[in-house]
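A.B. asks: Structure for the following, please:
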Amino acid sequence: MNAIAYAHDHREEALEQLKHFLRIPSISTLSEHQEDMQRAAQWLQEQLTGLGMERVEIAPTPGHPIVYAEWLQAEGAPTVLIYGHYDVQPPDPLKEWQSDPFTPTEREGQLYARGASDDKGQLLVHVRALEALMKSAGGFPVNVKCLFEGEEEIGSTNLDAWINSNRERLAADVAIISDSHILNEQQPTIVYGLRGLSYIEVHVESARSDLHSGIYGGAVHNPLQALCEIIAQLHDNTGRITVPGFYDKVRPLDPEERAELARVPYNEDTLLEETGAPMAWGEPEFSVVERTTARPTLEVNGMGGGFMGEGAKTVLPAKAAAKLSMRLVPDQDPWEIATLVSEHLRKLAPPTIRLEVRELHHGWGAIIPRDIPPMKAASEAYEEVFGVRPIFVREGGSIPVVATLKKELGIDTVLMGFGLPDDNLHAPNEKMNISMFYRGIETAILFYQKLAEVM
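C.D. replies: Numbering: from 1, shown residues only. Here you go, the predicted model:
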C-alpha cells in the first residue's frame, strides 16, 4: 500500500486524532492553562514517538515548552524542518459560539473548535502525512525535523532565542509551515511574501487634568483634536504615507510579479462584498491585491481619550492616545521604520501639547524566491491533489518565524496552507473544512516525495 492509499484508508482515524488534540484547551496567554499547555506538548511528543520519530523531546523555555523531534535516516536526501504551533487563542466571547469551543463538533462538512485551523489541524496534517509515509514505506523520502512551539499566539517570546541556541541541531535545507489559507476549495495558493510589523503607541497631553470645556475650551489645545490633526497628516489624499524615508527600502514590483498577482481572482467588488465598505481606498496606481499584500501600510488601530459614556459631559480631556501599526514589505527594517514614524510624529506635534511615542512590537517581513526547487515540489503536489496549478500570492499578515529561520539557519520556507478564508481564525466558531484536512495530508505526502526528487 502506498502512502496516499494509507492516508485515505485511515481518514476517520486522523479526524478522531484531531478531535482529541482540539479538546486540550492549550491557551498560551492564560496562566490557568499552564497544565493544558504541558498536556498538549506531551500529547504531541506521544504522537511523534508513536509514528517512529527519533530524539523526541519536550524542550523547556522560560515560557511554554517546544516540542522537537527528528528522523535522519534518509542518507543523501535533503532535510526539511516542519514548524507549527500547538497553542491557541482564548475562545471569548463564549456566547457567540454555536458549540463548546473545546468540544470538536462536525456541522456540514466543517469541524468547529478553537485551534481547528490555527494551527492544530494544519500542524496535524504533517504528522499524519509522516505516519502514512512511515507505515507504507518504513521511513521517509527526506530527513525530517519537527519544531512545534507553544507561544505563537503570544508573540513567540522565547522562540528566536531557542532557535539561535540550537542552530546546529536545527540545520536543514528548507522549512515548511502550514499556518495560512488558500483562496478557496478549488484554487490552492502558495504564499511567497509576508509583511513585517512595527507597532507603536502615541500619547498626547496638555493640561494637568480634565478641564471644563466651557471655561477653557478655545484657549487650551484639546489633546484629542491635536492627535487627530497629527494623524491626519500621516497620509496624503491618495493614501500614500507621508513619513520621510518610509518608502526608501521598498522593493518595487516587477512586471512578472505583478502579472502573477493579477491572476488572483480578487478585485474591488470582492473587497466591498467582504467588508461592507462603501468604496475602496488607497494608492490608486496599485490593485487592491497589491495594496493589501505587497505595499506597506500605516493604520490607526485605536484611539481613546475624554468622555464616551452615556449622555453628555462637557469636558476638555487632559490626555489622548492612539495605537498605530505599520505593515512592512521585505527589506524594510521594522526598528528603522518605528524610528522614522516616531520622529515624524514629534515634528508634527505643535508646542501646545506634549507627545510621547512608545514602541511595542517589531517583526521582519520575508520574501521567498518562487523558482527554488522546494517551491516546485509544493506547486506540483498541490496541482496533483487539487487538479489546478496554484497561484503564487503575497500575504498581508506576518509570520515572524519565517524571517528568523532565514536569518538564523539560512533556509527558505515553503508556506503550504490548507485553511480557508472563512475559517474564523481568532474569532468565535473557528473551524476547519474536513475535506481540506484530508487533502492537506495527501498534498503533504506528495510534497515530501517530490522534495526528494528535486533536491
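A.B. asks: would you say Glu32 is within a strand?
C.D. replies: No: according to DSSP: H, G, I helix; E, B strand; the rest coil, Glu32 belongs to no strand; its state is helix.
A.B. asks: And for Glu256, the neighbour number?
C.D. replies: Residues contacting Glu256 under the criterion other C-beta atoms under 10 Å number 9. Where you see a C-beta, it was placed from the backbone N, CA and C, and this is true even at glycine.
A.B. asks: hmm, I was thinking of Glu149
C.D. replies: By other C-beta under 10 Å, 29 other residues sit near Glu149.
A.B. asks: Write down the beta-bridge partners of it, one by one.
C.D. replies: His85 (DSSP bridges).
A.B. asks: need the contact list for it.
C.D. replies: His64, Ile66, Val67, Tyr83, Gly84, His85, Tyr86, Asp87, Ser156, Leu159 (C-beta atoms under 8 Å, 6 or more residues apart in numbering).
A.B. asks: what's the helix or strand hosting Ile230 in contact with?
C.D. replies: Secondary structure from DSSP states H and E places Ile230 in helix 223-232. Residues from elsewhere that reach helix 223-232 (C-beta under 8 Å, 6+ apart): 202, 204-206, 300, 303, 305-306, 317-322, 324, 345, 348-350, 352-353, 355.
A.B. asks: pLDDT wise, what is Ser198 at?
C.D. replies: On pLDDT, Ser198 comes in at 94.
A.B. asks: and it, that's in a strand?
C.D. replies: Yes: according to three-state DSSP, Ser198 belongs to a strand.
A.B. asks: check contacts around it.
C.D. replies: Counting by C-beta under 8 Å, 6+ apart, Ser198 touches Ser325, Met326, Leu328, Pro334, Trp335, Ile337, Ala338, Val341, Glu359, His361, His362, Gly363.
A.B. asks: what number of residues lie near the fifth one?
C.D. replies: As a burial measure, the neighbour count of Trp335 was computed by other C-beta under 10 Å and equals 11.
A.B. asks: what helix or strand is it on?
C.D. replies: Using DSSP H and E, Trp335 falls in helix 334-348.
A.B. asks: give the contact list for Gln122.
C.D. replies: Here Gln122 is in contact with Gly84, Ser178, Asp179, Gly417, Phe418, Gly419, Met432, Gly440 (criterion: C-beta under 8 Å, 6+ apart).
A.B. asks: Spatially, which two of these are the most separated?
C.D. replies: Greatest spacing in the contacts of Gln122, by C-beta to C-beta: Gly84 and Met432 (13.8 Å).
A.B. asks: Among these two, which residue is more densely surrounded?
C.D. replies: Using other C-beta under 10 Å as the criterion, Gly84 and Met432 rank with Met432 on top: 28 against 23.
A.B. asks: secondary structure element for the more buried one?
C.D. replies: Going by DSSP H and E, Met432 is part of strand 431-433.
A.B. asks: Give me the average confidence score over that strand.
C.D. replies: Averaged across strand 431-433, the pLDDT comes to 98.
A.B. asks: who does it touch, helix- and strand-wise?
C.D. replies: Here strand 431-433 touches strand 110-112, going by 3 or more C-beta pairs under 8 Å, 6 or more residues apart in numbering; DSSP states H and E.
A.B. asks: after the strand it packs on comes which helix or strand?
C.D. replies: helix 121-137.
A.B. asks: Export that following helix to PDB, keeping only CA atoms.
C.D. replies: C-alpha atoms of helix 121-137 as PDB (Å, rounded to 0.1, in the frame of the first residue of the first chain):
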ATOM      1  CA  GLY A 121      -5.500  21.000  12.200                       C
ATOM      2  CA  GLN A 122      -2.700  22.200   9.900                       C
ATOM      3  CA  LEU A 123       0.000  21.000  12.200                       C
ATOM      4  CA  LEU A 124      -1.500  17.600  12.300                       C
ATOM      5  CA  VAL A 125      -1.700  17.400   8.500                       C
ATOM      6  CA  HIS A 126       2.100  16.900   8.600                       C
ATOM      7  CA  VAL A 127       2.100  14.400  11.500                       C
ATOM      8  CA  ARG A 128      -0.500  12.300   9.600                       C
ATOM      9  CA  ALA A 129       1.500  12.600   6.400                       C
ATOM     10  CA  LEU A 130       4.600  11.400   8.100                       C
ATOM     11  CA  GLU A 131       2.700   8.500   9.600                       C
ATOM     12  CA  ALA A 132       1.400   7.500   6.200                       C
ATOM     13  CA  LEU A 133       4.900   7.500   4.800                       C
ATOM     14  CA  MET A 134       6.300   5.600   7.700                       C
ATOM     15  CA  LYS A 135       3.600   2.900   7.700                       C
ATOM     16  CA  SER A 136       3.700   2.400   3.900                       C
ATOM     17  CA  ALA A 137       7.400   2.600   3.300                       C
END
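A.B. asks: What residues of that helix count as buried?
C.D. replies: Going by neighbour count (16 or more other C-beta atoms under 10 Å), the buried part of helix 121-137 is 121-134, 136.
A.B. asks: do stretch 260-269 as well
C.D. replies: For stretch 260-269, the neighbour count (16+ other C-beta under 10 Å) marks Glu260, Leu261, Val264, Tyr266 as buried.
A.B. asks: Check stretch 198-209 too.
C.D. replies: Ser198, Tyr199, Ile200, Val202, His203, Val204, Glu205, Ser206, Ala207.
A.B. asks: hang on, the earlier thing: possible to save the contacts of Gln122 as TSV with distance to Gln42 and secondary structure?
C.D. replies: Shown next, in TSV, are the contacts of Gln122 (distance: C-beta to C-beta, whole Å; DSSP: H, G, I helix; E, B strand; the rest coil):
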residue	distance to Gln42	secondary structure
Gly84	16	strand
Ser178	22	coil
Asp179	22	coil
Gly417	27	coil
Phe418	25	coil
Gly419	26	strand
Met432	23	strand
Gly440	24	helix
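A.B. asks: Return the closest of these with respect to His8.
C.D. replies: Using C-beta to C-beta, Gly440 comes nearest to His8 of the contacts of Gln122, at 13.0 Å.
A.B. asks: how close does the closest one sit to Ile368?
C.D. replies: Gly440 sits 20 Å away from Ile368, going by C-beta to C-beta, to the nearest Å.
A.B. asks: out of these two, which sits in the busier spot?
C.D. replies: Between Gly440 and Ile368, Gly440 has the larger neighbour count (other C-beta under 10 Å), namely 26 against 22.
A.B. asks: Next up, the contacts around that one.
C.D. replies: Gln122, Val125, Ser178, Phe418.
A.B. asks: circling back: closest one to Glu152 out of the buried residues of helix 121-137, please.
C.D. replies: Looking across the buried residues of helix 121-137 and measuring by C-beta to C-beta, the closest to Glu152 is Leu123, at 10.4 Å.
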